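Engineer: One predicted model, sequence on top.
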Amino acid sequence: MSFEELHHKLSPTIKRIAYKLNGHYRSFSHDDLYQEATIHLWSNFLKGTLGDKTDSYILQGCYFHLKNYIRKVNERSNIISIDAALSKNEDSTIEDILGQYWACPDCREQLHNKFLAQSIQNNGFNPREKRLLTYISQGLTTRDIGRRMGISHVSVVKLMRKVRVKAKKHLDNI
């Protein structure tokens with residue numbers, strides 16, 4: 001069977017898979033996902049790994065490839081959603097919200113620090129350390145944080161020290 005015949009036969013199902021996955025991940029269009037699945041299918045066809053496989057097996061492989069592709073792209077990108085800010089101010093546009101930050105140097109620095117903090121938090125902290133960072137950002141004292149986490153305030157201080165070391169390593173690599 002030629003690739004054109006195989007692609008023509010599987011194309012409607014691959015489009016449905018891409019459309020289904022696009023509903024879960026708004027950062028992709030279903031056309032992009034369809035093209036990625038077609039490229040995956042083409043590369044496997046060229047390798048000769050599809051000759052003895054059933055259509056169901058091939059489609060399952062395309063599905064898993066797309067899920068893995070989406071995961072990898074999302075891990076590499078640091079997407080910061082401003083949907084929450086837009087939903088609070090329904091009349092605002094993205095430009096209005098970002099314009100507030102670019103209006104003054106202090107605000108730009110504040111926005112840069114927020115992005116930097118998010119990047120650091122998403123790279124290398126375990127869930128316990130992330131929870132600690134959330135409590136710190138809320139302005140809680142070490143004793144309040146300890147109560148919420150179920151640990152002593154001394155353990156909170158030690159955990160804060162670990163977080164500082166990890167954050168410093170991340171900043172040194174930037």
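Structural biologist: Right, received. Where do you want to start?
Engineer: who touches stretch 137-155?
Structural biologist: Where contact means CB atoms under 8 Å, 6 or more residues apart in numbering, the residues beyond stretch 137-155 that reach it are 117, 128, 131, 132, 135, 136, 156, 157, 159, 160. Placement of C-beta: from N, CA and C, glycine included.
Engineer: so which pair among these is furthest apart in space?
Structural biologist: Distances among the contacts of stretch 137-155 were taken as CB to CB; the most separated pair is 117 and 157, at 20.0 Å.
Engineer: The closest residue to residue 34 other than its chain neighbours: what's it in contact with?
Structural biologist: The shortest distance from residue 34 to any residue that is not its chain neighbour, by CB to CB, 6 or more residues apart in numbering, is 4.1 Å, and that residue is residue 18. By CB under 8 Å, 6+ apart, the contact list for residue 18 reads 30, 31, 33, 34, 37, 66.
Engineer: What's the ChimeraX line that selects buried ones from these?
Structural biologist: Restricted to the buried members of the contacts of residue 18, where burial is judged by 16 or more other CB atoms under 10 Å, the ChimeraX selection command reads as follows:
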select :30,33,34,37,66
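Engineer: Pipe the contacts of residue 18 into JSON lines and attach pLDDT per row.
Structural biologist: Listed next are those as JSON lines, based on pLDDT from 0 to 100:
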{"residue": "30", "pLDDT": "75"}
{"residue": "31", "pLDDT": "81"}
{"residue": "33", "pLDDT": "86"}
{"residue": "34", "pLDDT": "87"}
{"residue": "37", "pLDDT": "89"}
{"residue": "66", "pLDDT": "86"}
